[in-house]
Each structure stands twice: as C-alpha cells, then as structure tokens.
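S.K.: Dropping the sequence and predicted coords here.
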2 protein chains.
Amino acid sequence: MTSPAPVVLLFLDPDFPDGRVADASKPQLLVTDLGVTRGDGIFETMLAVGGSVRKMQAHLDRLAGSAGALDLAIPEQDVWRRAITAAVSRHRTENPPADPAADELVVKLVVTRGVEGAPAPTAWVQASPAGASGRRQRETGIDVIFLDRGYDSDVAERAPWLLLGAKTLSYAVNMAALRYAHKQGADDVIFLSSDGRVLEGPTSTVLLAHVKSDDGTPVKRLITPQLDSGILPGTSQGALFAAARAAGWELGYGPLEPQDLLDADAVWLISSVRLLAPVNTIDGKQIGTPAVQKELTAELSGLFAGIH
Amino acid sequence: MTSPAPVVLLFLDPDFPDGRVADASKPQLLVTDLGVTRGDGIFETMLAVGGSVRKMQAHLDRLAGSAGALDLAIPEQDVWRRAITAAVSRHRTENPPADPAADELVVKLVVTRGVEGAPAPTAWVQASPAGASGRRQRETGIDVIFLDRGYDSDVAERAPWLLLGAKTLSYAVNMAALRYAHKQGADDVIFLSSDGRVLEGPTSTVLLAHVKSDDGTPVKRLITPQLDSGILPGTSQGALFAAARAAGWELGYGPLEPQDLLDADAVWLISSVRLLAPVNTIDGKQIGTPAVQKELTAELSGLFAGIH
C-alpha cells in the first residue's frame, strides 16, 4: 500500500500573511462553493525545481488576467508570492527530497468564487511532488491526435464571455478530450479550430521547429500558433521563445494548419510541469526523424531548463 | 443580519442506505477533488414543491446520460431516490415551511470524479429553500440578450468530447454569459450558434408560442430548438410539451433563428426551478403583446404546475 503523495496546503487569508496552513487530507471546501458547483474559478500550475519556482511572475500575471476575465477580485501578487514561497519551503522541510534529480514540486494556485454572495473568493496554494509520468514523457515522447475544439479561430475576440484566454476551473472538456485520446491509444491531444487551425493542447501549448528553410539552407526556426486564435497564452512558450531568440533561433507565430505540423522537423507540447514533450506521431503519422527530434529536444530543453 | 438559508446535505455512501448526513456549513470536500480542480463532474437541479420532487425520473435519466458522457460510474437510481427523499423530508422536518405558497426546495444532485485515482466518484444530494428571485421572474418576466455560444449547430454530433449534451460542473462560461448580460442591464441570455441558430439559455431551454398560423387562423403552437444542435435536453421542456400536447397544443422543433423569436407571440425560458419565465424583450425588442403573453403564460404555467 502506498501512502498518498504529501500535499502542503495554504489558504490565502488576510489574518495570515504567509498563508493559513491547512490539512489537505481533510475536507476544506464547502459543497456550495461555486468552484465546485459551477467550475467558477481560475488556476495556475507551476513547477518548482530544487525549491525554486519557475516563471512565477508570468504565472501571477496570467492569473491576474484570468481573474479580470472572470471579474474575480483576487489577492495582490505579493500575497501570492509569500504563500507560494512558504508552501514550497514547508514541503521541502517536511519531505526532504530524496533524489536530487527528481526534486520537482507542482505548485498550484487556485481561486474559486467562494459560496454564493461570499465577500471574497476562496484562494489557496498547494504544493505536491511532481508525478513520474510527466518526466517519463519528456524522455519517451508522446503520440497525439487532432481533435476539433468546436470554436472557430475568430471567436475569442467577438465573444469574451467564452473566456477563451482565461485559465478557468471549467476543464471538463479538456479532461474529456484526454480520455478520448487515451481510449484511442494516444497520450495527448492537439485541438483544431472548426476552421482548421492548430490551437493548443488541453493542458499545453503547441510548438514546431524547422531546421531548413524553403530553399534548403539551414535555419533554426521555432513556431507556435498565434495567440489571437483564442488559445491560452503559454507561459512556457513565452519563456522558451525568449531563451531561443537569445540563442539565435528565428521565431514565428501561426496561423498553422495540421499539415504544418506534419511537415515540421519536430513538434512539441510544452507546459509548465511536463516541460517539453516531443511529439512522436500525430494521428499515427511520424513527425520528422528521431535523430533530429532528439537533438532539437535536447537543445531546447537545455535552453528551457535555464529559465527562471 | 440574516442567517444563511438552511441546507440539508447527504452524501451517497454505500455504508448509509439513505445517505450519510453531513453539515453543509462545514467543509466537506478536499481541495484536490477533481470537481473543483477541473470542474470534472455532473449535476442536476430539481424543484420540490410541497415536499414532492418534480420530474425526478427525467432528472435521474439525464444524470445517467451525463455520467455516460463523462465516463463516470455513478450510484444506481434507487440509491439516488432514497437519498433525495431523505434530504427533502429532513429539510421539511428541520425547517417547517412557513408560507405554503412558497414551499419550494431546490434539490441538487452533484457527482464529482473525486480525487485523482479515487475508487468512486464523490456524490451528494443537497436541499435548500428556493430563492425569491426565480419566483419573482416568473411573474415579472425577463429581459434577455442574444450571445454567441461559439459552436456551430453540427458540432455536438462530430465532437462528443465537447460534452455538449451533458450537464457538467464546468459552467464558468454560462456564469460569465450571465454576468455579461447583467452588466448590459439584462436578466438572462439566449445563446446562438456560430451559424446563427437559436440554442438555449445558460441554465434554461427556449420556448416560443404562436397563436395564429401563417394564414391567420387561430392555432396554439409551441416550439423549441431541435435537440441535435448541441443543447441540453430540457427536462422541463419535455414535461411541458407532453402536458401541452395532451391539452391540444401543436408541438414543433427548430431549427430556429433569432427572427423566429422576435416574430413569436410569446417566448419563455423554461427551467426546473424558475419554471416558465416569460421573455419581455430580446436585445431591447418587445416580444409579442403583454396581454397575449400573460394569457399564454398563465395557461402553460398551469399545465406545467400539474406535472410530476
């Protein structure tokens, strides 16, 4: 019998400047919390490596953007920073990392609207060990399928109530898409818009690379779908692009179509916890060549590992 | 200072045949429950009038359908029935209804996927007094606006992972649409598909009536959007249609376009708790005439009140 992974939980509470410690193994939420009854809230998932949280500012900024989209008044960034630091530090004190190569904590920030009529949202930080499956997929790569997201690529702009740029707790469709993929024997999904554009993964951003330009001359070009197609702005994509530019890569932004991925020298799904997961196949079709993929993955993973 | 409305809470638990009573004013859910972290679960909202739950079988059937769409193994209907009956009975014993004309309880059924790797979903029944605003809107009617739902009317069939026929906990978009309407001074929303079809309200089904046929002869015709456009099958619409047919009404199913609503003699949003809410205006345009609307609302509300 394995004991459950240890979770450190801190509620943001004006009476506790560094967060109010709570027992994550005990119930902490009312059943009438709108976070559960309506999926009405927002979140961020970050990775702490060796006790240091990666891209904290980008996550806090995106959380603030999501809060704006949902009209949620959330705590100030300094309050979050203190609670995040306290949660990570407490987790490492209580559970000293056994294996330095796997010293990774997942740090989640969650805000729900609280119960109907609540004076303030319910907000917490939780820290828990990163699972092994994400680390494994960075190495082995993943098989993905294309799935229709149902929205056209213009809808985000004309219909802000669809919350397409916000990271909400209403992730049932993302979870259903992943279950659908698993039933097909795939590991993950790349969503397409109803007008055939490449969007994003259910919990990741799509990247592709070319190592040759159209006339055959060597190039290093990293491309991601353009943001105004209603996808979530990827904090990992943003950080990697900055690092890649500094390392001499050309950067490009969609529109992208499925064939662009099939023609790429390498494709990845990038996210904050799993990091760069190389895509081996899409809909059963091999992407690029294993040797080039491996080399590019090593180079970009190195660049990505260096960001803060 | 008003005390919060009394809530009776019963968890479905194999060890408690009539449900395990819990204190709804105390935390009962883990912060790691996928119901809150992913909006990954399903629900139903029913109305009990005078202690009798309306349309219980239709709600249990729809809950089972939602569970199927989300691959959730939920308790048998008999288990739900016992817990529902126990919750309503306990609520009425603990809080004897003061005003027989307002003896209405909202009964919610909720199922979440539980925590990651949980052997069974988390499932509960809660009973609480119906709010006054729903009852008021039945009388006064509502002003609504059209909003784009972003999906085309064919998507439900081609993309089951979008869960369009399931009543999931991921309701953030529905809540955002209502907030958007309230900011415009409206009470509610009618969603349109991206190809211009009338779909549904965020928490209701759309109905329209005609009292004259195209050639001017009197008729009583009740119309609702067709189900295969990706809307939730309305238990209230279904029950009212059956009652209206028995009372001599003609029934019709869409496709409907916005102009069909603007040209109707009356339009309603129908749902299980608010019941029939007459739509006074859509995007500021008056629907039908007050006299006809009032008469039809009275007739249909009478039919609807008679269903079980």
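M.R.: Looks like it came in fine.
S.K.: list the contacts for the residue in chain A that chain B sits nearest to?
M.R.: Going by Cβ to the nearest Cβ, chain B is nearest to A:G39 of chain A, at 2.7 Å. Heads up, the C-betas are built off the backbone N, CA and C, glycines and all. Contacts for A:G39 were tallied using Cβ atoms under 8 Å, 6 or more residues apart in numbering or on different chains; they are A:T168, A:L169, A:S170, A:Y171, A:A172, B:R38, B:G39, B:T168, B:L169, B:S170, B:Y171, B:A172.
S.K.: Pretty sure it sits in a helix.
M.R.: No - applying DSSP: H, G, I helix; E, B strand; the rest coil, one finds A:G39 to be coil, outside a helix.
S.K.: Check the gap between it and B:R38 for me.
M.R.: 8 Å (Cβ to Cβ, to the nearest Å).
S.K.: and for the two, which residues touch both?
M.R.: Common neighbours of A:G39 and B:R38, using Cβ under 8 Å, 6+ apart, are A:L169, A:Y171, A:A172, B:S170.
S.K.: Tell me how many other residues crowd the second one.
M.R.: Residues within reach of A:Y171, counting by other Cβ atoms under 10 Å in any protein chain shown, total 24.
S.K.: cool, and A:D78?
M.R.: By other Cβ under 10 Å, 10 other residues sit near A:D78.
S.K.: In the host helix or strand of it, which residues are buried?
M.R.: Using DSSP states H and E, A:D78 sits in helix A:77-94. For helix A:77-94, burial by neighbour count (16 or more other Cβ atoms under 10 Å in any protein chain shown) applies to A:V79, A:W80, A:R82, A:A83, A:I84, A:T85, A:A86, A:A87, A:V88, A:R90, A:H91, A:R92.
S.K.: now the residues you listed as a markdown table including distance to chain B and pLDDT?
M.R.: Converted to a markdown table, the buried residues of helix A:77-94 look like this (distance: Cβ to the nearest Cβ, whole Å; pLDDT from 0 to 100):
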| residue | distance to chain B | pLDDT |
| --- | --- | --- |
| A:V79 | 18 | 97 |
| A:W80 | 16 | 98 |
| A:R82 | 19 | 97 |
| A:A83 | 14 | 98 |
| A:I84 | 15 | 98 |
| A:T85 | 19 | 97 |
| A:A86 | 16 | 97 |
| A:A87 | 12 | 98 |
| A:V88 | 17 | 97 |
| A:R90 | 15 | 97 |
| A:H91 | 14 | 96 |
| A:R92 | 20 | 95 |
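S.K.: Can you spell out which residues form a bridge with A:S128?
M.R.: A:V106 (DSSP bridges).
S.K.: Tell me if I'm right that it and A:A5 touch.
M.R.: Yes - A:S128 is within contact range of A:A5, at 5.4 Å (criterion: Cβ atoms under 8 Å).
S.K.: who has more neighbours, those two?
M.R.: A:S128 (20 against 14).
S.K.: Contact partners for that one?
M.R.: Applying Cβ under 8 Å, 6+ apart, the residues contacting A:S128 are A:A5, A:P6, A:V7, A:V8, A:H91, A:L105, A:V106, A:K108.
S.K.: repeat that with 7 Å
M.R.: Under the criterion of Cβ atoms under 7 Å, 6 or more residues apart in numbering or on different chains, the neighbours of A:S128 are A:A5, A:P6, A:V7, A:L105, A:V106.
S.K.: got it, and A:D148?
M.R.: Taking Cβ under 7 Å, 6+ apart, one finds A:L192, A:S194, B:R158, B:A159 in contact with A:D148.
S.K.: Now for those residues: which two are most distant?
M.R.: A:L192 and B:R158 (11.7 Å; Cβ to Cβ).
S.K.: Of the two, give the one with the bigger neighbour count.
M.R.: Legend: neighbour count by other Cβ under 10 Å for A:L192 and B:R158, higher for A:L192 (21 against 11).
S.K.: my read: that one touches A:Y151, true?
M.R.: No - using Cβ atoms under 7 Å, A:L192 makes no contact with A:Y151, being 9.9 Å away.
S.K.: helix, strand or coil for the residue of chain A positioned farthest from its centre?
M.R.: Relative to the centre of chain A, and counting by Cα atoms, centre = their mean, the farthest-placed residue is A:D215 at 35.0 Å. Here A:D215 is coil, with the state taken from three-state DSSP.
S.K.: Which stretches in the stretch 101-250 of chain A count as strands?
M.R.: Secondary structure of the stretch 101-250 of chain A (DSSP state E, counting those that start in this stretch): strands located at A:104-112, A:122-129, A:142-148, A:188-192, A:205-212, A:218-224, A:250-253.
S.K.: now the ones you listed as a markdown table including mean pLDDT?
M.R.: Converted to a markdown table, the strands of the stretch 101-250 of chain A look like this (pLDDT from 0 to 100):
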| stretch | mean pLDDT |
| --- | --- |
| strand A:104-112 | 97 |
| strand A:122-129 | 97 |
| strand A:142-148 | 98 |
| strand A:188-192 | 98 |
| strand A:205-212 | 96 |
| strand A:218-224 | 96 |
| strand A:250-253 | 96 |
